[in-house]
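Asker: One predicted model, sequence on top.
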Amino acid sequence: MAAWTTHGRHVVAIVTLVSAAACSGSGSDDGSGEQSSASTTTVSPEGQATTGSAPPPPSGAPGFDPLIPGSTPPSGATRPITIAFAGDSYGEGLSGDVAAGMIGRLSPMAPVLSAADLAVLNLETAITERGEPVPKSFTFRAPASILDGIALSGVDAVSVANNHGMDYGEVGLMDSLDARVDSPIPVVGIGVDETDALSPARFSVEGTSVAVIAATQVLDDSVLDSWTATPSHAGLASAKRVEELEEAVEEATADADVVIVFLHWGIETETCPSAVQAGLAETLAAAGASAVVGGHAHRLQAGGFLDSTYVHYGLGNFAFKARSEASAKTGVLTLTFAGGRVTDEQWTPGEVRDSSPHPLEGDDAARAVDEWESLRGCAGLAAAPG
């Protein structure tokens with residue numbers, strides 16, 4: 001299913017990869033089903049759309065370096081693009097019209113999300129109203145209408161590859177796959193099999209092609225097998241299957257200028273990344289990822305450069321209940337890309353109140369940015385590309 005949306009003056013093409021089984025709303029319990037072929041819809045600023053095979057990436061000019069003034073950008077790109085990222089969000093506590101409730105919850109930060117060419121958010125929930133909760137401390141679910149509210153708040157893609165994406169078992173998984181078909185924005189990190197779950201959402205922005213892949217490194221041992229998408233099993237894209245994730249990134253680099261890996265990873269309440277996170281970041285950077293961004297710890301973690309790849313270890317809570325002062329620290333990360341590389345970062349700090357992210361202003365914002373920058377001290381990341 002292809003759809004498009006308008007972001008300010010920029011019209012962005014969205015491609016959602018769906019399987020024949022998901023399109024029909026049916027499929028076997030093991031998630032087998034025939035895959036549909038990918039296509040890209042390009043929409044001009046005048047609103048004229050054409051659909052066809054995904055175009056090849058624009059060729060770069062010899063010696064192009066986006067950090068050198070006067071250097072010539074790739075032939076198909078007309079300007080740098082911006083992509084915004086937001087952390088853990090859910091629909092818990094909303095009643096009645098969930099779409100409207102989600103719009104209200106995201107509204108304080110919606111202008112920041114909408115200002116970017118693209119925005120990506122972690123949706124920490126199963127998209128279902130059925131099923132039985134998996135035995136665990138916290139289980140979250142929301143109706144498919146939550147996607148409408150998220151889309152109307154300036155978000156262009158959501159990931160459900162996280163430790164709540166299958167909180168309501170296989171029934172919830174099938175409903176989430178069905179919701180993906182009719183969603184106004186791509187839902188990534190879930191699929192009828194591993195290939196589908198690792199398939200990127202693809203966008204074309206002002207001549208720059210973007211691929212967004214999502215996966216989770218956080219899967220409890222008790223559900224590891226039943227939640228993991230494999231060649232013969234529906235589920236979530238697992239970052240524990242490193243070789244498969246690495247291959248997906250390498251394949252995406254063949255026909256995308258910018259490749260984003262959006263991850264659920266790390267250790268809860270920690271503000272420094274784990275050795276496992278650092279190792280995976282290095283692997284994905286070597287595979288060609290332009291940026292590796294994620295969260296899970298419900299705390300802010302560092303962002304910065306690992307050579308030429310931008311890595312952000314933890315976005316913290318966003319539209320999610322904060323249970324402490326530390327977990328209330330939030331923000332939106334906006335990255336600028338030129339020539340397939342990050343050339344600038346911007347952290348818009350905020351505070352979570354009543355499960356809603358509110359931007360900080362004045363001295364409070366300045367102190368929060370300084371604190372965010374200080375997190376690099378334990379992360380081994382640089383303030384500029386190497």
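Answerer: Cool, got the structure.

Asker: What's the separation between the closest residue to residue 230 other than its chain neighbours and residue 136?
Answerer: Nearest-residue entry for residue 230: residue 194, 5.2 Å, with adjacent residues in sequence omitted and distances by C-beta to C-beta, 6 or more residues apart in numbering. All C-beta spots, glycine's among them, are computed from the backbone N, C-alpha and C. Separation of residue 194 from residue 136 (C-beta to C-beta, to the nearest Å): 23 Å.

Asker: neighbour count winner among those two?
Answerer: Comparing residue 194 with residue 136 by other C-beta atoms under 10 Å, the one with more neighbours is residue 194, at 24 against 12.

Asker: quick one: contacts for that one?
Answerer: By C-beta atoms under 8 Å, 6 or more residues apart in numbering, the contact set of residue 194 is 229-231, 233, 237, 241, 244.

Asker: What ranges does the stretch 51-200 of the chain have for its helices?
Answerer: 98-106, 110-115, 145-151, 169-182, 194-197 (DSSP state H, counting those that start in this stretch).

Asker: just the CA coordinates of the first one, formatted as PDB?
Answerer: What follows is helix 98-106, C-alpha atoms only, in PDB (Å, rounded to 0.1, in the frame of the first residue of the first chain):
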ATOM      1  CA  VAL A  98      -7.900   7.500  21.100                       C
ATOM      2  CA  ALA A  99      -6.800   9.400  18.000                       C
ATOM      3  CA  ALA A 100      -7.900  12.700  19.400                       C
ATOM      4  CA  GLY A 101      -6.400  11.800  22.700                       C
ATOM      5  CA  MET A 102      -3.100  11.000  21.100                       C
ATOM      6  CA  ILE A 103      -3.200  14.300  19.200                       C
ATOM      7  CA  GLY A 104      -3.600  16.100  22.500                       C
ATOM      8  CA  ARG A 105      -0.800  14.100  24.100                       C
ATOM      9  CA  LEU A 106       1.700  14.900  21.400                       C
END
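
Asker: what about that helix, distance to the chain center?
Answerer: Distance of helix 98-106 from its chain centroid, counting by C-alpha atoms, centre = their mean, to the nearest Å, is 19 Å.

Asker: For the stretch 251-386 of the chain, just list every one of the helices.
Answerer: 275-287, 362-374.

Asker: buried ones in the first one?
Answerer: What it means is helix 275-287. 277-278, 280-285, 287 (16 or more other C-beta atoms under 10 Å).

Asker: Over to the last one?
Answerer: Along helix 362-374, the positions that meet the burial threshold by neighbour count (16+ other C-beta under 10 Å) are 365, 368-369, 372.

Asker: I'd like the average pLDDT over it.
Answerer: Per-residue pLDDT values over helix 362-374 give a mean of 98.

Asker: for it, packing partners?
Answerer: When contacts are defined as 3 or more C-beta pairs under 8 Å, 6 or more residues apart in numbering; DSSP states H and E, helix 362-374 packs onto strand 329-338, strand 341-353.

Asker: Kindly recompute the last result at 7 Å.
Answerer: strand 341-353 (3 or more C-beta pairs under 7 Å, 6 or more residues apart in numbering; DSSP states H and E).

Asker: Now do the strand it packs on against helix 362-374, angle only.
Answerer: 130 degrees (axes from the mean of the first three to the mean of the last three C-alpha atoms, to 10 degrees).

Asker: Could you list the buried residues of strand 341-353?
Answerer: So strand 341-353, judged by 16+ other C-beta under 10 Å, has buried residues 341-343, 345, 347-352.

Asker: Save those as JSON lines, and put in pLDDT too.
Answerer: Converted to JSON lines, the buried residues of strand 341-353 look like this (pLDDT from 0 to 100):
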{"residue": "341", "pLDDT": "97"}
{"residue": "342", "pLDDT": "98"}
{"residue": "343", "pLDDT": "97"}
{"residue": "345", "pLDDT": "98"}
{"residue": "347", "pLDDT": "98"}
{"residue": "348", "pLDDT": "98"}
{"residue": "349", "pLDDT": "98"}
{"residue": "350", "pLDDT": "98"}
{"residue": "351", "pLDDT": "98"}
{"residue": "352", "pLDDT": "98"}
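
Asker: and which of those is nearest residue 79?
Answerer: residue 343 (11.7 Å; C-beta to C-beta).

Asker: Nearest spatial neighbour of residue 235, chain-adjacent residues omitted?
Answerer: Nearest to residue 235 is residue 229, by C-beta to C-beta, 6+ apart, at 3.9 Å.

Asker: no wait, residue 293
Answerer: residue 312 (4.4 Å).
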